[in-house]
Each structure stands twice: as structure tokens, then as C-alpha cells.
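Asks: coords please:
(2 chains)
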Amino acid sequence: MKLKTSFLIGMFIVVMVLTGCEPLLVLDPKGPQGRTTANVIMISIWTMAIVVIVVFAMYFYIVRKYLASRQSKDYVPPYIEGSVKLEIIWTAIPILIVAFLSVVTVISTYKVESVPEGYEEEPLVIYASSSNWKWHFSYPEQDIETVNYLFIPTNRPIEFKLYSFGPISSFWIPQLGGQKYAMADMVNTLNLAADVPGEYSGRNANFTGEGFAQQTFNVTAMSPKEFDKWIRDIKSTAETLTEEKFDELLQPGHLGQSTYKGTHLEFSPPPENHHSKEPLKDNQEEIKNQKIIKDDLSNDEDHSNMKH
Amino acid sequence: MDFLDRFAVPNPGPTIYASMVAIALTTIAIIIGLTYFKKWGYLWREWLTTVDHKRIGIMYLISAILMLFRGGVDAIMMRAQTAVPDNTLLGAQEYNEIFTTHGVVMIIFMAMAFIMALMNFVIPLQIGTRDVAFPRLNALSYWLYFAGAMLFNISFVVGGSPDSGWSSYFPLAGTDFSESVGTNYYMIALQISGIGTLITGINFITTILKMRAPGMSLMKMPMFTWSALITNLIIVFAFPVLTVALAMGTMDRLFATNFFTTENGGMDMLWANLFWVWGHPEVYILILPAFGIYSEIISTFARRNLYGYKSMVYSMIAISLLSFLVWVHHFFTMGQGALVNSIFSITTMAIAVPTGIKIFNWLFTLRKGSIVLTTPMLYSLGFIPIFTIGGVTGVMLGMASADYQYHNTMFLVAHFHLVIIPGVVFAMIAGLFYWWPKMFGFMLNERLGKWSFWFIAISVCLTFFPMFISGLDGQARRMYTYSESTGFGVWNMISFIGAIGLAIGFALIVYNIYYSVRYSPRNIPADPWNARSLEWATATPVPDYNFAILPEVKSTEAFWDSKIYGDKLFNKRIEPIHMPNNSGMPFIMGIIFFIWGFAFVFGLWILLVLSTIGIGICLALRSYEKDEGYYIPVDEIERVEKTGGKKK
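Replies: Model prediction:
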């Protein structure tokens, strides 16, 4: 049957590509969170492959066997109401499969929503904000800001604080882990880490209008030493980010990559606690605290045990 | 001239000018044709004013097929644009408008209309009654749907199409980022047709609960009727949410309120929640009737009763309840945290259990059957394996941690197309071939039907399987282009080839209709498929009153039992039949609603007030109107019955 062969070929191609030669980005993770999701995906693919194989086997066996053309002319199909026993079986087995996948899901979801396991170091906080159709990355600890590119140290957890100056965007670096929304009225936290140095592609995955397709950024993961050197270089070369300059950056359009001293967080604070019940004062205080930390920073190069 | 400027299309291109010309020519051709053949009166008396559920069903069917082609052309253009990297066939703005209208047209104006078509035609026949509970409201439902559909479709040439996706997320859909009237069209057109759908829901629940043939208890209803009952219950619970969300969105756009804005206390996340609180049940509004159609067809052509009737019913009820508890899985990535996502993951995957029950019941209906491979059966048999693949990938998407990687990618696009096309579209085509002889008195060509099946079934796999791969490789959905270095090119090219195959398959269906209208024999029996439920107990073509005598039912397969065991269905004597009068009011209200919507879209406030008054007058006139309907006398019925349903 044509249908059968085409399915088998289709399945074969899918399995070959998923497991085979050229790794797909999502299944080629370069960090602990990405590895967790890739494992979950492979577990689910194999589980579902078993389901599909069982259903297909039953299906092709039954359809072949009971074709009218293969039966005697006087065959009269029997009247069968159903079978409680069989129906319980095909209710119970899917429940067991779903229960298994639920356990996998809950464990892995908690895992990717928190700081990656086995990372002792304090996370590096980066504010990633989107505007049409760019990404702005603010490093409050280091007091620098980049546009459309991201440098991160390897083997250190990164805590992304996501928000948007425009429509809902989705911050996604497929090889490091799953995506999360950046929105104008709430700050989301995304925990990622890279444990292999290299260049990775990142993008906005949520439709934001005309320039959406090109709303991408590059991620470079490098050793902490190189990262510190990069920070020092920028401090000595980059221009300072002023409010006027930032407003210019926010204009809709596409920009190349650029780097600045200082961040926009001071004059354009992120919408933190926007919808929490805490009074606005706390928010102000937090910003003030951040400022104090930053002031400390400029005096103190060693910031690994910094409380944020 | 300022006044007229607002109607200009903001981003005109050759496609838009071509469709302007096409629309104008078609309209002129229709008007000239109707005048030349003197068909205006016929059109008005027999169709525009009809309250007959069969004719309304056929009008839904024609509309749905038209919309299928509108949405299909959109789809071909999208696949052509993305077939090769860095393509410049379409601009970003054009592409955004096209995928937005593709989604809206296919879901709201094609799939919904198609299930309405089949429900309208089949349900009253299947439960052995003469019409729906509220025939005139039924006509109003259709004309509101039609007004909404037309309003949405003229957006293309008047003022500009919506361009923020079929889910129309705020703030992108707000006036800050979407200045053209496109999204106004979306809000108002969906609102108008949504009201029509809600009325249908109420109408069919009443019909099914109150008007079944004597003896047909709930657990003796055919499976399609069961699915329609549950579907309409979901409609009544889900559509008010859409109504409210659209009203709030409209006010945000036109009256500067702040429900979904990001300032002044508005919350964009609220729109996403409201949209999907409606949007997820909507998926089941489409799929459950399809399940019902498959149950009918599989049991008919396996020549066996449906296996596990009770568990089929209970699993549909379970699906309908769960459908309201899973909406968050459309935005696991919004940041609601691990606990909430875990809960919604589990409810989502739980839907696989009742769905699995249904798949196994269909398989066991086929077992020990005697399978006849007619066109409707081929589509139903094609549905099971392809839908299984679509379904299991749905379970994969339901796992929150993994969804962070699938979300917004082509993987998701592949999943929902592989659920909706084999699930809903195959069912529509299967139902079309299956009930066509009852609707029109001749059969569609089987050979062409089978060709179309193989084209469509293979092309669906070819179009959507590669998207799983490019999705896992990081291709986000809704990108109008991509660079060559991404490596997506090969997968998208395969998809494009598949899309051409799909187009050929659908063209074959249309050619089949044309061919069968011309050449198909007209002297077919009333029950050409040797089917099992009551709609086949009527004459073909079905008389206005459906059944001269209301049937009496003793089992789930009353008609089958009457054929095999000789149970008598029609025991009473013929009596005069009470029928509703035709009415032009629903059609007129449809037109006024169209004007009302148009005025709303462009903020023409005087016209809006006038048309609102017009709607009020129509409602008032109806409230004070005395219309007792009319009776068909016994001798007239006997005459019709003798000629086998033919009218004159």
C-alpha cells in the first residue's frame, strides 16, 4: 500500500534525522538546561514512537485482514457491543504512559526553571530587553550594555531578566535552553548556562511585526578569563549610553551590534514588581540598592560573592 | 478626499490589485448571470429567505468551500515565499497579512462553516425530526456568519488586512503597533460571526435535547449527534469568552480603553488568557464533530456497529471537560512558573487518554468488519495513522519543559496542521462525499475521489513532516524569510512541493463536483451506501418536511435494524405537517450587520448609529410579528411521497 510505504519512509527519515548525522540545534545542547530539555525531548520521542508503532501495527493488521475484498461474499460482520475488559486495558495503559511522562515533565520543568544544578557560583545577572526589532543586553554588575550580541562566561549560571519595550517577544537561544517571553509589564527570569565555549544563535521567537524575521542576536560563550578581559576592553573603549542615545536605539528598525558603557536600567527601569502587591517604594529602593552595588563595583574588581 | 483615504490599502501590491479586479469581475458576472437567467426571484424565494435546515446547510457548505480556497491560496503563497532562503516573492508585511488571514479564514470561516454545514444538514434528519428548534434563528446564524466572513474578506482590498497573527496578541494588535484598520476588521468580523455561532449552539442543544424521534433516548443517539450535542455545549460555554475579549479589544483600539495595553494598568497577558480560554475549546469544537463523522463512516463501511458506544460517549464528555482546563499550554513560556506549568502539562497530556480510547474503539470497529474502501472510508482510514502522529506530537508539546523549545517553532505548526487536517479537514471531505447523495440526489465520482485522497494524504505528510525537523533546528514560525546559512531551505522546499500536491488534491475535489454534476447518474436509491442511521430513511431528495411520519426508534441503529430485522420505523398515519414560513428578515439583518461592522471598522459613527437602530427595528418587528407558519395538507404529502420526494 502506498500509504504504508510513505509512512514508513516518513518515520524512517524523522528518526534518522533526529538521531543521526547532522545534529539539530535543539538536540545539540551546549549547556545544562538545554541538555535537560533535549533529554526530555528524546524520552518523549521514544515513548511516543512505541505508541505509534503499536497503533500502526494494529491498524495495518486489522485493515488488511478485514478488507471486504479478502473475505467470502457471505461473511456477515458480527454485532459486538464492546468489551469492558479491553476498554479498561486501553484506558489504563495510556494513563500509565501519561503518568510516566508527567513525572518526567514535572521534574524537568522544575529543573529548567531554577539555577542549573551543580553550579555553586552566584549567577551573572543580565537584563535582556527587546524593542522593535532588536535586543538590548544590560550587565548591571559590569555596568555595560550591548545591542544584538551577548558575551557570556562559560560554567557560570546566567540569570536573564526579560522584558520588552514593545510587543511580546520571546527570548530564545536554542542550544542553551528553552525560551521565555519578554513583556512590557512584567520581568521574567530565565536561568541558563553554557558549559562549552562557542558561538550560538539567539532570536526572538514570538511574532512582533514587520521586522520579526531579522530580530536575532549572537551569543558568544567564553572562558571567565576572556570574559573579564572583554569587559575591561569595553570599559576603556565604548562610549557611554545616554538617555538620548537609548531613545534613538529604541526607534523601530534594525541595527547592527553596538556596545556602551553604563546601562539603560538607571533612567529607564525595568517593569519589576509592576503587578505585585508591594508598594512602589520597594521598587525604588531596589533600584537604589542596585545603584549602590554598582558604585561598589567600580571600586572593587572582585565581585564573585556579591549579593544581588 | 481625506474621507476616502481611509479606505485605501496601506500596502498595495500586484496580488491585491489582481484580487480587486477579480472581485469586481466576479461580482459583475454574478449580477449579469442572475439577471440574464431571471434567477433573482428563485434566489430570493428558495435560498436567501429559506429557513430550511437542509438549504442552510448547503449554503454553509458553499461558503466553506469558497473559504477553503481563499485560505488555501494564502497557504500556497506562504509556502512559495519560504520555499527558498532570502526569497523576495512577498514582503514582510504582505506575508504577515497572509498568514494572519490564512489562520482566521481556515479556522473561523472554513472549518467552523464546514461543521455547521454538516450539522445543519444531518442532525435533524439523524434524530428523526423536521427542522431545528428555531428555524428562523438558524437562518440568522448563517447570515451573521456570512456577513462576518464577507467583512473579513473585503479587508484585503478596502483598508488593509489584519497583520498580527490569528491569535492577535496585544500589544502588537493594539493601536501602538498596528495602526491600520486591519485588526478592527478582525475584532468586528469575528464578533459578528461569533454571535451567529453562539446562536447555533443554543439552537442545536435545544433541537437535540427536545426534538428527538420517539424512543430515541440519549444513549440511543447516533454518534454524530452525540458529538454535535457536546460540541454545541462547548460553543455555548466558550464563545461568550471570545465575545467579551473581542469587545474589550475593540474598545482598546477604538475608544482608547486600557484592558490590554501595557500602561495605565492594562495587561497584555489578559488577552492571551482570554483568547485561549476560548481558543482551546474551539479546537475541540472542530474536532469532536469530526470524530462523530468518522464514527458514522467507519461503522457504515466496516458493515459493523460502532464498537464501545458508551466509552465513545464518555470519552467525548471527558474531552469536552478537559478542553477547558488546558489553555495555559499555549503560553507555557509566559513565566507563570514551574507549578502552574506542571499542572497544565498534566491536564494537557490527560486528553490523550480519552482520545486514545476513541482510536482503539475505531480500530476494534474495523476488526471483524468487512471493510469497503469507498472514498469517505479512505479518508477515515487515512485519518487514523496521520492523526496519531499529530496527536502524539501534541503530547510532546504538552510537556512544559520540552515546550520551551518547541514553542513558536515550525514543530508546533507541524503538530497542529497534522491534527487539524487529518482530524477536521479529512472528516469534512469524507462527510461531503458521504452525505452528498442525500443532499443533491447523485453521487460524487469515486475514482476522482480516490485520486484526491491519495494526493491529499501523501501531500499532507510531505508538507508537514519536514516542519518537525526544521522546528527542532530552530526555525521560528511566522518568519517571512530566513538566511541560507540556517539550513532550513531543504525542509521548506519539501513543504512547498507538498503544498502543491495538496492544491492538486483540492482542485481534484472541485473538478469531481463539476464532473459529477454533469455526468453522475441521477437514479440512485435513497440509501446508496447501505448505511445505518435515520437520515438514510428519508427519500432522496429529502422533502421539505423530512419525514412524512416521524420515525419510532428502538436502538442506536434504528434504520439498520429496520433493514435487517424488519423493525417498522413509520407506524403512525400521515397527518398535516406544521411548517415555518420563509422570512427575509435574517438576510436583511445580515446585510445591516455587515454595514454595522463596516461602520465600526472605519469609525463611521453616524452610519454606525443608523445601522444599530436598523438592527433594533428588525428585532422589534420580529418580537411583535405574528407568524403561525403553515400546514402541508395530507393529500399534498401523499402526492410528494408517491413521487419519491420530488416536488412537482
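Asks: A:Ser130 in helix, strand or coil?
Replies: Secondary structure, DSSP: H, G, I helix; E, B strand; the rest coil: A:Ser130 is strand.
Asks: which stretches of the stretch 151-300 of chain A have low pLDDT?
Replies: The stretch 151-300 of chain A contains residues with pLDDT under 70 at A:273-300.
Asks: around chain B, pick out the residues from it.
Replies: A:162, A:166-168, A:170, A:172, A:174, A:177-181, A:183-186, A:188-189, A:201, A:203-213, A:275 (CB under 8 Å from any CB of the partner chain). The C-beta positions use only the backbone N, C-alpha and C, and glycine is treated the same way.
Asks: if we go to 6 Å?
Replies: Proximity of the stretch 151-300 of chain A to chain B, by CB under 6 Å from any CB of the partner chain, involves residues A:167-168, A:170, A:174, A:178-181, A:184-185, A:188, A:205-207, A:209-210, A:213.
Asks: next step: those residues restricted to strands.
Replies: A:Ser170, A:Lys180, A:Tyr181, A:Asn188 (DSSP state E).
Asks: wait, which of these is closest to B:Phe134?
Replies: For these, the minimum distance to B:Phe134 (CB to CB) is 43.8 Å, reached by A:Tyr181.
Asks: burial check on residue 122, number of neighbours?
Replies: This is for chain A. 17 (other CB atoms under 10 Å in any protein chain shown).
Asks: that was the other one, I meant chain B.
Replies: Residues near B:Val122, counting by other CB under 10 Å: 29.
Asks: with adjacent residues omitted, what lies nearest to A:Glu272?
Replies: Counting by CB to CB, 6 or more residues apart in numbering or on different chains, A:Val187 is the residue found nearest to A:Glu272 once chain neighbours are left out, at 4.8 Å.
Asks: could I get the phi/psi values of the one you found?
Replies: phi -100, psi 120 (degrees, to the nearest 10).
Asks: which ones among the residues of the stretch 151-300 of chain A next to chain B lie within helices?
Replies: If you go by DSSP state H, those have nothing in helices.
Asks: how many neighbours does B:Leu274 have?
Replies: Close neighbours of B:Leu274, defined as other CB under 10 Å, add up to 20.
Asks: now it: how far from B:Ala189?
Replies: Distance, B:Leu274 to B:Ala189, by CB to CB, to the nearest Å: 18 Å.
Asks: neighbours around residue 124, how many?
Replies: Answering for chain A, as no chain was given. Neighbours of A:Leu124 using other CB under 10 Å come to 21.
Asks: ah, I was thinking of chain B
Replies: 30.
Asks: return the residues in contact with it.
Replies: Residues near B:Pro124 by CB atoms under 6 Å, 6 or more residues apart in numbering or on different chains: B:His53, B:Asp131, B:Val132.
Asks: ok, now B:Leu242?
Replies: Shown in contact with B:Leu242 (CB under 6 Å, 6+ apart): B:Gly194, B:Trp278.
Asks: and the residue nearest to A:Ser130 when sequence neighbours are not counted, how many neighbours?
Replies: Of all residues not flanking A:Ser130 in the chain, A:Ser169 sits nearest, at 3.8 Å (CB to CB, 6+ apart). Neighbour count for A:Ser169, taken as other CB under 10 Å: 33.
Asks: and B:Phe344, by the same measure?
Replies: 21.
Asks: mind listing what the residue in the stretch 101-250 of chain A positioned nearest to chain B touches?
Replies: The stretch 101-250 of chain A approaches chain B most closely through A:Gly178 (2.1 Å), counting by CB to the nearest CB. Neighbouring residues of A:Gly178 by CB under 6 Å, 6+ apart: A:Thr37, B:Tyr404, B:Gln405.
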